[in-house]
Every structure is written in C-alpha cells, then in structure tokens.
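K.L.:
Mind folding the following:
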Amino acid sequence: MKKLRYLFFILFAISSYGQINFETGYYTNNTNIKTECLIRNVGWYKNPTEIQYKLNENEVEKIVTIADIKEFGIENCCKYKRFKLKIDRSSSDVNNLSTERNPIFNEETLLLKVLVEGEANLYEYQDVNLVRFYISTGNHETVEQLVFKEYKNEDTSQIGENNYYKQQLRNNLKSDQLTLSDFENITYKKTKLVDLFVTFNTTKATKTTILETKKDKSAINLKVIAGVNGTLFTFGNNYNALTDYTFGTKPVFVIGLEVENIFPFNQKKWSIFADPNFQSYKQTEINNSNQSIQADYTFLELPFGARYYMFLNKKSQLFLDAGIAFSVTSKSTIQYSGTALDISNTSNLFTGIGYKSGRYDIELRYNFGRGLLTAYQSWNSNYSSVGILLGYKIL
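P.N.:
Next up, the predicted model:
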C-alpha cells in the first residue's frame, strides 16, 4: 500500500500545476485599501489562509496571507472576512467525543465565509470534519460562534447534544415573523440557518444580501469503455533460470463500464471512479529449452482510483488518475511441460493520463506488474500492460 500512497502523492503534486482559474475580485488590506484584482478561485473546501492574485492577466501572480487580508471577494462566487474570534474545535467523531458538555474555546484569527449579510450576518468556518457557524449584529466588527456540540456522558456513555445555538438565535433574531417553534426546530445546517437569517433580515429596513449560492452536489457519470492493452508477460522458476521466458508483446482487448463520482468542491476537479472490465489473454510459445509454455488468462478487472481534471475550456479537460486494480479469474492456468499452474486472483497499481471533450474521452493507462502465480513458492510470473482506453458517457 506504500506504492499506492506514493502514486496518489504524485497525482496530487502534479495537480498543483493544473490550469489556474483567475476570476474578477478584490481584497482589502489592514489599512482598508481595496485592491481590484483577479483571484485564483480554487473552490475552497476549507476556509483559506491565503489567496493568489494578480492585477491583470499579464501580471505575475502574487500571494497575500491572512495577516494582510481584512476581506476578499470573488464576483458571483463568494466573500470572506477576517475576525479574531473564539472557536471550539471539539471533534464530532463518535470515537473521539469530549466528555465536556460546554465548548472548549481557543482564540484564533480566521477568514470566515459570509453567507448572509443584513441586520444580522451569518458566517461559516469549515475545516476537515469540522463546521462552525458564526453570527454578528450591530456594527459587525465581532462575531460569536453559534454553539452546537455533541459530547459523551461519562455516567451513561450516551451521546448528548449542547444546542445552545437555538437560544443564541432567539436572543439575536427578534422578529414578529419568527415564532418560538422556528428556533426550537432549527437544525445546525447551512441551508436552514440561511433561510432563518433571510427571514429575519427581510423584516428589517436594512438591505439583505445572500452570498451563499445553491450548494453543488456530487455528479455521477456512467460511461462505456473499450480499448486495447499491449501486454508484457514473463514466466519462470525461482530455482531454475533455464525456464525463464518473456512472451512477446500481445494486444488484449478491453470492454467494460465506468462509474465516476465527481466531487463538488475545488471547482469539480476531483473524482473517484471504478471501471470494471473484461479481458482475455491467450498465448503459446516455445522457450529456449524447446518446452511449451501456454498461458490462458481470462479475468474480470476491477480498478478503483482517483482522478484530477485540468480544464482547458468549458468542454475540454486533461486528466490524471491513479489507483489499484483487482483481478478476479476462474479456471485460468499456465501450462508448462504438461504441468498446469493455477493463476491466482491478484492486484496491481495503475496510473494514467487522458483527454476529455464532451461525452468522449481517451486515456493512456499504464498497469504496473501483477504476479499471477502467488500461490506457488517455486514459480513466478509478472503481467503488466500499457494501453489506450476510449470512453463514451451515457449518463
């Protein structure tokens, strides 16, 4: 599995050199100077701590950090404001729940995503497995975390909830349009909180701005795939080098399906996929000792991997992928001088590079070697391939 982690590290590193989308925006520094610029929109999953920007298309990009950003925004996308605040980072993982009911606050300086602006503002902070919402009123110079915390009762080992955010909302969002049940039934979810703040703000004389766009969802793609692999197959005995033999490169046809889940974050550049396919390799050759070696290998391959897209334009993308493929076979053998050696179910790593346009895509994929005779101590074999896969999206 170390090789698999290494492959994904390479995929992630290469992706950092992918296409950069700079969009119209601005940032305000500590002296309230507003700079109109182009900001790299990476579709942040976690709240950013810096941004990359340039003053125009021909300028070299620069980096400005949270220490010098008071506020920044991207047109028709998002807006972030910096606050020195208190945050509770208690885990919501059931295996790591705190036994403390009250939040454990630490003071930090963070960029919060603005969801709603008006008489009362709603903000969001997101990190790995952590979501916190904040409220501001009055001059909006300070924010308060809306407290929701799951904890483990030491006496009963039951999971409890601290829902103090409901009282905080009731205290700050006083309106004839909101009833007690509106606060009692509100859940600690972005869409529900946005709706509540919008309802409150529309009853006030101040302008209400909704900066939170409809949240994108994961997209599922289904396509048929077909292609051909150039395979390299070696065979030998660990104790007799005279049996070692390398078969000539042979084309093997591939037919199958691919299911892909494209994630909504990071501008929909990341996905995971599975593309089960059928292959059959049959070859007979004579080695240097004038002995017959016959390989009959028919298998179902089950590749699972991750893919990164680099957009060229609205319809075309380059992509990189990597993963692990499992092969399942039945009654496949290697015959050597009358001895039948059963081929085992096995696995291998793979990596690829491809191009996608509309419903069509083409990929050059390299499959690292897999051992086929793992059940035997005396015998060894290696099966690897490089090939072209064609895909057509049907859903």
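K.L.:
From F273, how far off is T231?
P.N.:
Distance, T231 to F273, using CB to CB, to the nearest Å: 22 Å. The way it works is simple: take the backbone N, C-alpha and C, and place the C-beta from them, glycine included.
K.L.:
Who has more neighbours out of those two?
P.N.:
Set side by side, T231 and F273 show more neighbours around T231, with 22 against 18, by other CB atoms under 10 Å.
K.L.:
so that one makes contact with T249?
P.N.:
Yes - between T231 and T249 there is a contact at 6.7 Å, judged by CB atoms under 8 Å.
K.L.:
where does I186 land in three-state SS?
P.N.:
Look at I186: counting by DSSP: H, G, I helix; E, B strand; the rest coil, its state is coil.
K.L.:
Contacts for the helix or strand hosting V131 next, please.
P.N.:
For V131, the host element (DSSP states H and E) is strand 130-136. Identification of contacts with strand 130-136 by CB atoms under 8 Å, 6 or more residues apart in numbering yields 83, 85, 87-89, 92, 112, 120-126, 142-146, 165, 168-169, 172, 188, 190, 193.
K.L.:
List the neighbouring strands of the next helix or strand after that strand plus their orientation.
P.N.:
Using DSSP H and E, the helix or strand that directly follows strand 130-136 along the chain is strand 144-146. When pairs are called by DSSP bridges, strand 144-146 turns out to pair with strand 130-136 (antiparallel).
K.L.:
can you pull the buried residues of the strand it pairs with?
P.N.:
For strand 130-136, burial by neighbour count (16 or more other CB atoms under 10 Å) applies to 132-136.
K.L.:
which one of those is nearest G338?
P.N.:
Nearest to G338 among those: R132, at 70.3 Å, using CB to CB.
K.L.:
Which pLDDT does the model give that closest one?
P.N.:
Looking at R132, its pLDDT is 97.
K.L.:
That one pairs with what?
P.N.:
Legend: beta-bridge partners of R132 under DSSP bridges are Y125.
K.L.:
Below-threshold pLDDT in this structure: ranges please.
P.N.:
Applying pLDDT under 70 to the chain flags residues 1-20, 212-217.
K.L.:
As a check, name the ranges of all helices in it.
P.N.:
Using DSSP state H, the helices of the chain run over 2-15, 164-172, 180-184, 190-201.
K.L.:
The third one: which residues count as buried?
P.N.:
Judged by neighbour count using 16+ other CB under 10 Å, the buried positions of helix 180-184 are 182-183.
K.L.:
Now for the residue nearest to V254 when sequence neighbours are not counted: which residues touch it?
P.N.:
Using CB to CB, 6 or more residues apart in numbering and skipping the chain neighbours, the partner closest in space to V254 is G227 (4.6 Å). By CB under 8 Å, 6+ apart, the contact set of G227 is 253-254, 387-390.
K.L.:
If any of those residues are buried, put those into a ChimeraX selection.
P.N.:
For the buried members of these, the matching ChimeraX selection, counting by 16+ other CB under 10 Å, is:
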select :254,387,389,390
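K.L.:
can you tell me which of the contacts of G227 are in strands?
P.N.:
253-254, 387-390 (DSSP state E).
K.L.:
now, which of those sits nearest Y336?
P.N.:
Y336 lies nearest to F253 out of these, by CB to CB, at 25.6 Å.
K.L.:
Hmm, the closest one is touching V228, no?
P.N.:
Yes - counting by CB under 8 Å, F253 does reach V228; the two are 5.5 Å apart.
K.L.:
ok, back up a step: state the distance from the residue nearest to V254 to K268.
P.N.:
Going from G227 to K268 by CB to CB gives 25 Å.
K.L.:
swap in L178?
P.N.:
Per CB to CB, L178 is found 36 Å from K268.
K.L.:
And for S344?
P.N.:
S344 sits 39 Å away from K268, going by CB to CB.
K.L.:
what about the closest residue to T206 other than its chain neighbours, neighbour count?
P.N.:
For T206, ignoring the flanking residues on the chain, the nearest one in space by CB to CB, 6+ apart is E119 at 4.9 Å. Number of residues near E119 (other CB under 10 Å) recorded here: 20.
K.L.:
What's opposite the residue nearest the centre of the chain in the beta bridge?
P.N.:
For the chain, the residue nearest the mean C-alpha position is W270 (4.9 Å; CA atoms, centre = their mean). Beta bridges link W270 to Y308 when assigned by DSSP bridges.
K.L.:
for K70, what are its contacts?
P.N.:
Taking CB under 8 Å, 6+ apart, one finds 27-30, 32, 81-82 in contact with K70.
K.L.:
Including distance to I362 and neighbour count, could those go into TSV?
P.N.:
Shown next, in TSV, are those (distance: CB to CB, whole Å; neighbours: other CB atoms under 10 Å):
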residue	distance to I362	neighbour count
Y27	40	21
T28	46	17
N29	47	15
N30	50	10
N32	52	8
K81	45	22
R82	45	18
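K.L.:
Reformat the residues you listed into JSON lines and put distance to D68 next to each item.
P.N.:
Formatted as JSON lines, the contacts of K70 follow (distance: CB to CB, whole Å):
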{"residue": "Y27", "distance to D68": "9"}
{"residue": "T28", "distance to D68": "10"}
{"residue": "N29", "distance to D68": "6"}
{"residue": "N30", "distance to D68": "6"}
{"residue": "N32", "distance to D68": "12"}
{"residue": "K81", "distance to D68": "14"}
{"residue": "R82", "distance to D68": "10"}
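K.L.:
closest to K282 among the ones in strands among the contacts of G227?
P.N.:
Relative to K282, the closest of these is F253; by CB to CB it sits at 11.7 Å.
K.L.:
measure the closest one to D275 for me?
P.N.:
15 Å.
K.L.:
go on, F183?
P.N.:
F183 is 49 Å from D275, by CB to CB.
K.L.:
Could you do G338 as well?
P.N.:
For G338, the distance to D275 - CB to CB - is 38 Å.
K.L.:
So between the two, which is more surrounded?
P.N.:
Applying other CB under 10 Å to G338 and D275 shows that D275 carries more neighbours, namely 25 against 7.
K.L.:
Now do the contacts for N102.
P.N.:
N102 makes contact with 149, 162, according to CB under 8 Å, 6+ apart.
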